[in-house]
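>>> Build me a model from this:
(one chain, ligands or ions: 1)
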Amino acid sequence: MLIAPSILNADNMFLGEQIQEAVDAGITRFHIDVMDGHFVSNLSYGPQLVKDFKRHFPNVQAEVHLMGDKVNEMVPVFADAGADLIEFHYEAVENPNQIGSWADYLHRHGSRMGVALNPSTDVKVLTKLAAKIDQALIMTVFPGFGGQKFLPDSAERIRAAKEVVDAHASRPGRRVMIEVDGGINAETAKIAQAAGADVFVAGSYIFGKGDIAGQVKELTAALTEEE
Ligand SMILES: O=C(CO)[C@H](O)[C@H](O)COP(=O)(O)O
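Below you'll find the model as predicted:
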């Protein structure tokens, strides 16, 4: 189980301090939402943010969620910036048969690769990708903005995605992580976990309540408590 706070809801004027507070509370990976104003109607960060992040936090993972159309241009840019994992949208790629070669490219660069699926995309598309990718990001809201509500059919989609990746992960022991993103709080994280999620992206729940360490603690407790 891994919690990856999305910095989208952090206070940009105090970003370093807020990341440090989450690190001190036990966070080892951050989710960096990159939005192009076209694939989604919002704008956010660029490669300089990833470079600065890795300069200040070299031992903390930077996971980049590309919400943009220009996958072929952006993947190398963010790999060079030092991203530890890059995930782009299945809906944004022109030719899904090329996704496997991006996995090879990123592995050669020492990064990992994920594919993100919008709530309206059939998780069966993962069948052909599972042997190559490291992570499947199952969006639990439509991408673009933080602070939305976890979609009610998400548990079913997570369960179905897990079944597909487990069945097609190429060799025994190779595990494709299932990540969820959107509307994650202590309650929805447990629903997602019960359905098979491994990585939990939370933005407003961690950064929007004025007590980052307390929120990390609460989410960690919810995801580790015995039933
Ligand atoms: O990808 C995203 C938006 O497209 C964000 O990571 C996500 O929405 C996190 O915010 P919150 O936890 O507040 O829903």
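>>> Enumerate the residues of the chain near the ligand.
Contact residues (Cβ under 6 Å from any ligand atom) of the chain with the ligand: 6, 8-9, 31, 33, 65, 141, 143-148, 181-184, 201-205. C-beta here means a position set from N, CA and C on the backbone, and glycine is covered the same way.
>>> Just these: which are in strands?
Judged by DSSP state E, the subset of the residues of the chain next to the ligand located in strands is His31, Asp33, His65, Asp181, Val201, Ala202.
>>> Contacts only, for the third one.
Contacts were defined as Cβ atoms under 8 Å, 6 or more residues apart in numbering; by that measure His65 touches Ser6, His31, Ile32, Asp33, Val34, Glu87, Ala116, Leu137, Asp181, Val201.
>>> From these, pick the one nearest the ligand.
In terms of Cβ to the nearest ligand atom, no member of these lies closer to the ligand than Ser6, at 3.6 Å.
>>> Show me the shaky parts of the protein.
227 (pLDDT under 70).
>>> Single out the residue in it that lies closest to the ligand.
Gly203 (2.8 Å).
>>> burial count for that residue?
24 (other Cβ atoms under 10 Å).
>>> Am I right that it is in contact with Ile3?
No - applying Cβ atoms under 8 Å as the test, Gly203 and Ile3 come out as separate, 11.4 Å apart.
>>> Spell out, range by range, the helices that occur in this structure.
15-24, 47-56, 71-80, 99-108, 154-167, 186-195, 204-207, 212-224 (DSSP state H).
>>> deepest of the ones you listed, which one?
helix 204-207 (a mean of 24; mean count of other Cβ atoms under 10 Å).
>>> Can you name every helix or strand that it contacts?
strand 2-5, helix 212-224 (3 or more Cβ pairs under 8 Å, 6 or more residues apart in numbering; DSSP states H and E).
>>> Now distance to His107 too, for those, in JSON lines please.
Below are these laid out as JSON lines (distance: least, Cβ to Cβ, whole Å):
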{"stretch": "strand 2-5", "distance to His107": "20"}
{"stretch": "helix 212-224", "distance to His107": "28"}
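>>> Which of the ones you listed sits closest to Gly26?
Comparing the helices and strands packed on helix 204-207 by their distance to Gly26 (Cβ to Cβ), the top pick is helix 212-224, with 6.3 Å.
>>> List the contacts of the closest one.
So helix 212-224 is contacted by 1, 3, 5, 18, 21-22, 24-27, 184-187, 189-190, 193, 200, 202, 205-207, 209 (Cβ under 8 Å, 6+ apart).
>>> relative orientation of that helix and helix 15-24 in degrees?
With axes from the mean of the first three to the mean of the last three Cα atoms, to 10 degrees defining the directions, helix 212-224 sits at 40 degrees from helix 15-24.
>>> Run the angle between helix 212-224 and helix 186-195 for me.
Using the same axes, to 10 degrees: helix 212-224 against helix 186-195 is 40 degrees.
>>> for the closest residue to Gln215 other than its chain neighbours, what are its contacts?
Of all residues not flanking Gln215 in the chain, Ile206 sits nearest, at 4.8 Å (Cβ to Cβ, 6 or more residues apart in numbering). Counting by Cβ under 8 Å, 6+ apart, Ile206 touches Ile3, Pro5, Ser6, Asn9, Ala22, Ile212, Gln215, Val216, Leu219.
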